[in-house]
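Asks: sequence-free structure coming up:
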């Protein structure tokens, strides 16, 4: 396992090196399950203990199925100190790293023998591989449901009446001595979590502390050691079973009973029972731990406790629900309650077996408290809850019922970089490798090109022959430029036959139009952005057709087409394809535009020798069409203005050069 220090004791460079080490030796950047809760993972191992029974179940989140789990390996109850992760001072936090300290290792070996550790490791490996339970997973959530103890402690008066429940909860987790007002509290062997009374609006007791011992802490140490050494997220959580039972209490209540008189819930376990009082608004106002006598599955004098509790909280006739959360026989309890209320006013008492309730039948291979791992089941319970609007059950659903009694501190969580930081570091690492690969590839390509050039005949030429070849190359380059210049100059930009052919193609004999006059001209254009000192290398030009004539009624449709830019573009393209004329084509490499304007007036065509009055009188409208085709200086057919610069013949100056003859235009 790698050594990790708290960021507060590292400078920026050390922090960067530590993040790189974590990224290199762990899969935290690629596996976000390291940063999730145990009940958020796809595969969960739930262990439920009540002092006599140990129930193990597997929940596969992807399929939503509950399966019987393997036999868990639990710590031996030797009474040895578990060296708990007690509230840590800032000085100690600065020295933390992810491996376990000596006291924690001693706690593991004091509570597990070699065979037990081997079986635990085999169980964890089998759950992760999952050959018979849905295949391999990349993480495992282990949830311990503690149902063998439940203690209640009062907070210090200034915190007990505080309505900032979140702040008091954080204080109780980090500094129990301060929150409890008791410097003698044993934080090595015990852990506390806050439970507010949401139904108490004023008074000195607005919240209490729930207490459990750390007898199972060594199991969590070993799970953490296995997770770090195998680089597999094993996320652990230790929940109090009575708090979980309170979370699913809406499923245990009689939905048809009236809530106006309030409810008393009794969660019956092997060694103790928990009594919770819900007022008519559905809010928690009291919770008590009731211990059992030796050999009994229920608290002594429960009938009297129920009657006194109802009277003390002002509920005249509450509905009492007694839920057997452990495998206990309720017959003796029913007999005792019947005898107690035989000569007293009876109470509305119902005995419930949670796993026989329709909403919880999917947990047949588990225990009712394990429902906290099944988000879909909890959602169905909340939707059917008879106390849906109560703050108590809304807050319990938001995390108050799932407080981790063996969770690591915030200081320990801060030791590892956030997921987004590790992913960014991994991205830049890949980018660096890619850049290095590109540089290496460029170097290899450069070397290859050098070797290839060095093996050519030109590389081996003597200096004299190389000079002659250079002269010839220069001459050929000059000739190429001159050829390109003359080829551009002689390009077929504007031809008389083409100007007439465009008119013949656009004005058909049966079009209802008569052309009386037409002109065609070509003008050069200079780029408007060029300054007076700049001499452009190329200039564009504009070709303009101006056609005047007369139309009769049947020619209106033809005039409408001729005034359309799209129609003219199609006609120019057709003519270009038919006569192989590049100057009429438009494409991706061309920089030319086509525009058209038209003017029409009413006025009869005057008769003449060719068109007598009998014909001219049918042409009652005159028109004038101007077709403009503009070629910019970026167009391939733009005119090159300046010829190639005249340069002296290098053949005359080269030693031993062969005489050359230049033909100039």
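Replies: All right, it came through fine. For clarity, every value in this text was computed on a predicted model and none was experimentally measured.

Asks: which parts of the stretch 551-665 of the chain are strands?
Replies: 592-602, 621-631, 639-640 (DSSP state E, counting those that start in this stretch).

Asks: check which helices and strands the last one sits against.
Replies: Using 3 or more C-beta pairs under 8 Å, 6 or more residues apart in numbering; DSSP states H and E, the elements in contact with strand 639-640 are helix 463-489, strand 538-551. Heads up, the C-betas are built off the backbone N, CA and C, glycines and all.

Asks: of the ones you listed, which stretch is the most buried?
Replies: Highest mean neighbour count among these (mean count of other C-beta atoms under 10 Å): strand 538-551, with a mean of 19.

Asks: walk me through which strands that strand pairs with, and which way each runs.
Replies: strand 513-525 (antiparallel), strand 621-631 (antiparallel), strand 639-640 (antiparallel) (DSSP bridges).

Asks: got CSV for these, with mean neighbour count too?
Replies: Shown next, in CSV, are these (neighbours: other C-beta atoms under 10 Å):
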stretch, mean neighbour count
strand 513-525, 15
strand 621-631, 19
strand 639-640, 17
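
Asks: now the helices and strands packed on strand 639-640 as a markdown table including distance to residue 558 and mean pLDDT?
Replies: Below are the helices and strands packed on strand 639-640 laid out as a markdown table (distance: least, C-beta to C-beta, whole Å; pLDDT from 0 to 100):
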| stretch | distance to residue 558 | mean pLDDT |
| --- | --- | --- |
| helix 463-489 | 38 | 86 |
| strand 538-551 | 8 | 92 |
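
Asks: among the ones you listed, which comes closest to residue 331?
Replies: strand 538-551 (106.0 Å; C-beta to C-beta).

Asks: circling back: among the helices and strands packed on strand 639-640, which is nearest residue 47?
Replies: Going by C-beta to C-beta, the one of the helices and strands packed on strand 639-640 nearest residue 47 is strand 538-551, 84.3 Å.

Asks: from the middle of its chain, how far away would the closest one be?
Replies: Relative to its parent chain, strand 538-551 has a centroid offset of 60 Å by C-alpha atoms, centre = their mean, to the nearest Å.

Asks: over to stretch 469-488?
Replies: On C-alpha atoms, centre = their mean, the centre of stretch 469-488 falls 60 Å from that of its chain.

Asks: with stretch 620-628 instead?
Replies: Using C-alpha atoms, centre = their mean, the offset of stretch 620-628 from its chain centre is 64 Å.

Asks: ok, now stretch 359-366?
Replies: The answer for stretch 359-366 is 33 Å, by C-alpha atoms, centre = their mean.

Asks: could you pull out the buried residues of it?
Replies: Residues 359, 360, 362, 363, 365, 366 are the ones in stretch 359-366 that count as buried (16 or more other C-beta atoms under 10 Å).

Asks: check stretch 116-126 too.
Replies: 117, 119, 120, 123, 124.

Asks: let me have those in JSON lines, extended by secondary structure and distance to residue 204.
Replies: Listed next are these as JSON lines, based on DSSP: H, G, I helix; E, B strand; the rest coil; distance: C-beta to C-beta, whole Å:
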{"residue": "117", "secondary structure": "helix", "distance to residue 204": "48"}
{"residue": "119", "secondary structure": "helix", "distance to residue 204": "50"}
{"residue": "120", "secondary structure": "helix", "distance to residue 204": "46"}
{"residue": "123", "secondary structure": "helix", "distance to residue 204": "48"}
{"residue": "124", "secondary structure": "helix", "distance to residue 204": "47"}
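
Asks: can you tell me which of these is closest to residue 192?
Replies: residue 120 (27.7 Å).

Asks: number of residues surrounding the nearest residue to that closest one once chain neighbours are set aside?
Replies: Leaving aside its sequence neighbours, residue 120 sits nearest to residue 73 (C-beta to C-beta, 6 or more residues apart in numbering; 4.2 Å). Residues near residue 73, counting by other C-beta atoms under 10 Å, number 22.

Asks: next: residue 413.
Replies: With other C-beta under 10 Å as criterion, residue 413 counts 11.

Asks: go on, the one 5 residues further on?
Replies: By other C-beta under 10 Å, 12 other residues sit near residue 418.

Asks: how far away is it from residue 10?
Replies: Distance, residue 418 to residue 10, using C-beta to C-beta, to the nearest Å: 16 Å.

Asks: ditto for residue 547
Replies: Distance from residue 547 to residue 10, by C-beta to C-beta: 84 Å.

Asks: buried set for stretch 67-80?
Replies: Neighbour-count burial for stretch 67-80 [16+ other C-beta under 10 Å]: 69, 70, 72, 73, 74, 75.

Asks: now tabulate these in TSV and tack on secondary structure, distance to residue 167 and pLDDT.
Replies: Below are the buried residues of stretch 67-80 laid out as TSV (DSSP: H, G, I helix; E, B strand; the rest coil; distance: C-beta to C-beta, whole Å; pLDDT from 0 to 100):
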residue	secondary structure	distance to residue 167	pLDDT
69	coil	38	92
70	coil	41	93
72	coil	36	91
73	coil	39	90
74	coil	35	90
75	coil	34	87
